[in-house]
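Q: 3D model of this:
(2 chains)
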Amino acid sequence: MKIYVLVKQVPDTETNLKISGAAINEAGVKWIVSPFDEHALEAALRLKEKTGGTVTAVSLGPDRVVEALRTAYALGVDQAVHLKDDSYNVLDVSYAAAVLADFLKAEGADLILTGHIAIDSQSSMVPAMIAEHLGCANINSCVELNVEGTNVEAKREIEGGTARMKTTLPVVVTAAKNLNDPRYPSLKGLMAAKKKQVETRPAVSVSVAKIEVVALELPPARPAGRVIDGDSPETKAAQLVQALRNEAKVI
Amino acid sequence: MSTLVVAEIKGDALKKVSKELASAGRALGGSVAALIFNGTDDQCKELLASGADIVLKASLSDYSPQGAANIAAAVAKARGAQAVLLPHSIQGKDFAGRLAVKLGASLVADAVGVKGAAGDLEVRKPVYSGKAYATVKVKGPAVVTVRPNAIEVTSYSGESKIEAVSEGEGTVSARLSDIDASGGSRIQLQDASIIVSGGRGIKGPENWPLLQELCDVLGAALGASRAAVDAGWIPHSHQVGQTGKTVSPNCYVACGISGAIQHMAGMGSSKYIVAINKDADAPIFKVATYGVVDDLFKVVPALTAEFKKVLG
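A: Numbers count the residues shown, from 1 in each chain, chains lettered A, B, ... in the order given. The predicted structure follows:
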């Protein structure tokens, strides 16, 4: 089984974002693997350990994303491919999906795994788009994944609970937090990752619908808050109810 | 120019976000059609009253992302829709991407504002865990998923037509089975207009009833911080934050939550934020509209009692 994990490099949540023009200023940004992609990597490695096959990590973006692929190597993937595009815009989901789908189709990928949200663009759209390009099923927000031969059985999150989905390979699966507990890279893995070769290929440009990011701004400042005073919890509670009902008119 | 809105129902009720979408479509001008799967006439009327000129009823016996996308794409093509709006919900995320590929349309997800006209849209959306907002221009056909609670519902009275459509689900290679939506009778976090959340400060799972009582009085959903989930006090489905759910209720009541940046990433766009915490230096007070520096074990019951009094 050829397993491919789509790994996205994103700014660490703790990073203090600065904006220049309609993009973030990358100077000083600490980059990490998007948290849910770590669950996807873990699922891929466990499947490989159980049933064999190869695990390839793929990342689209400028040269810095090679660092995310080194992390994947440290965790134990067999191969890493960097689809190089210096001007990749993370909000251009149609472009990302088309480029990745072309690559995955040419590779003959059986199982495609990634996180169910990338914490930069917050779109959650690319996996289903890839599935549509490949003409296969997508199973989103997966919390349990079993592959026997070409049969896939998964449990996934739905609103207010879970449901099962069954299909056959190929399939695109997105990982939710409850799918597994991702491993940490071992020291040996980290050392070995430094020597592994990341294969860089130019992202093949495809003609897709285009979007244009015209502005990027910090969130509107929140109105100044107010501390509710009072000499007892009861008076504070009463004041708060007053404020929510008569001032904010929200309850 | 024409807009198609894909409505969503939950149990027997039309989700409020469906009406928000109809109103968002109305604001774009032109004609607005709403597509509903397995909808009732009452649900159709709600869509008509909030912005739709026509409601198209489709039937989809066993939900699948592929089936839903195939029907929506056929309907969008037949209507020449230049904009298709869907909820940014679990279901919307399932098939909006497939729909955009089928239509050759641009796609913008998790919008909190949609302006312009179908065919020439300006979409505003949070990025980087809500630490920034992007404005995206889209020319030509577009599919947009819209965050619940972001758009005001407006009332409308238009052509008011309800029609059945017969588009079939097409080829489907995976559908949902063994559906266990046992948590489904509760109000869903993403749809809730009020959320009461607990963190490490609630001290243990035995204290949820305290918050649940306040939820019951307010018709609120119960949320939790990662600290409370990681401690095993409540299932992950209640988690608000970067590795949990992103919510934007009208009112978010944080009880015993310090306000880690990862938590703020999930609730920072709430309209009003109430923080109840003993620690006056907790970061949550920096974003709170109203702060109560006191023991939540005393304030929350008092709050429940006070709301019971005024809400009757």
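Q: show me what contacts the closest residue to residue A:178 other than its chain neighbours?
A: Distances taken as Cβ to Cβ, 6 or more residues apart in numbering or on different chains put residue A:143 closest to residue A:178, at 4.4 Å, once the chain neighbours are dropped. For every residue, glycine as well, the C-beta is placed using N, CA and C. Contacts for residue A:143 (Cβ atoms under 8 Å, 6 or more residues apart in numbering or on different chains) come out as A:155-157, A:162, A:176, A:178-179.
Q: which among those gets closest to residue A:105?
A: residue A:156 (24.2 Å; Cβ to Cβ).
Q: That closest one is in contact with residue A:138, isn't it?
A: No. With contacts counted by Cβ atoms under 8 Å, residue A:156 stays clear of residue A:138, the gap being 10.2 Å.
Q: Quick one: end-to-end distance for stretch A:117-128.
A: 12 Å (Cα to Cα, to the nearest Å).
Q: do stretch A:80-91 as well
A: Terminal-residue distance, stretch A:80-91 (Cα to Cα): 23 Å.
Q: Next: stretch A:224-243.
A: 14 Å.
Q: Could you do stretch A:177-192 as well?
A: End-to-end distance for stretch A:177-192, by Cα to Cα: 28 Å.
Q: which residues are contacting it?
A: Against stretch A:177-192 from outside (Cβ under 8 Å, 6+ apart): A:36, A:38-39, A:41-43, A:45-46, A:71, A:73-76, A:142-145, A:157, A:193, B:236, B:243-244.
Q: sec struct for residue B:207, please.
A: Three-state call for residue B:207 (DSSP: H, G, I helix; E, B strand; the rest coil): helix.
Q: Quick one: residues contacting it.
A: With Cβ under 8 Å, 6+ apart, residue B:207 has these contacts: B:198, B:297.
Q: Just give the number of residues close to the residue of the stretch 51-200 of chain A found nearest chain B.
A: In the stretch 51-200 of chain A, no residue comes nearer to chain B than residue A:160, which is 3.1 Å away by Cβ to the nearest Cβ. Residue A:160: 20 surrounding residues under other Cβ atoms under 10 Å in any protein chain shown.
Q: try residue B:77
A: 14.
Q: cool, and residue B:167?
A: 18.
Q: In contact with it, which residues?
A: Going by Cβ under 8 Å, 6+ apart, residue B:167 touches B:58, B:70-71, B:74-75, B:78.
Q: So residue B:179, which state does it fall into?
A: strand.
Q: who's the nearest residue to it once chain neighbours are set aside bridged to?
A: Computed as Cβ to Cβ, 6+ apart, the closest residue to residue B:179 that is not its neighbour in sequence is residue A:163, at 4.4 Å. Counting by DSSP bridges, residue A:163 is bridged to residue A:156.
Q: how about residue A:163, what does it touch?
A: If you count contacts by Cβ under 8 Å, 6+ apart, residue A:163 has them with A:155-156, B:176-181.
Q: List only those of these flagged as buried.
A: A:155-156, B:176 (16 or more other Cβ atoms under 10 Å in any protein chain shown).
Q: Just name the closest of those residues to residue B:18, please.
A: The nearest one, if we look at the buried ones among the contacts of residue A:163 relative to residue B:18 and count by Cβ to Cβ, is residue B:176, at 20.0 Å.
Q: these two touch, right, that closest one and residue A:165?
A: Yes. Residue B:176 is in contact with residue A:165 according to Cβ under 8 Å; the separation is 6.0 Å.
Q: What are the boundaries of the helices in chain A?
A: A:35-51, A:66-75, A:93-107, A:126-134, A:187-195, A:233-242 (DSSP state H).
Q: CA atoms of the last one as PDB?
A: C-alpha atoms of helix A:233-242 as PDB (Å, rounded to 0.1, in the frame of the first residue of the first chain):
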ATOM      1  CA  PRO A 233     -20.600  36.800  44.600                       C
ATOM      2  CA  GLU A 234     -24.400  37.300  44.700                       C
ATOM      3  CA  THR A 235     -24.200  41.100  44.000                       C
ATOM      4  CA  LYS A 236     -21.600  40.500  41.300                       C
ATOM      5  CA  ALA A 237     -23.900  37.900  39.700                       C
ATOM      6  CA  ALA A 238     -26.800  40.300  39.800                       C
ATOM      7  CA  GLN A 239     -24.700  43.100  38.200                       C
ATOM      8  CA  LEU A 240     -23.500  40.800  35.500                       C
ATOM      9  CA  VAL A 241     -27.000  39.700  34.600                       C
ATOM     10  CA  GLN A 242     -28.000  43.300  34.500                       C
END
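Q: for the record, mean pLDDT for that helix?
A: Mean pLDDT, helix A:233-242: 96.
Q: Relative to the whole chain's centre, how far out is it?
A: Its chain's C-alpha centre and that of helix A:233-242 lie 42 Å apart, by Cα atoms, centre = their mean, to the nearest Å.
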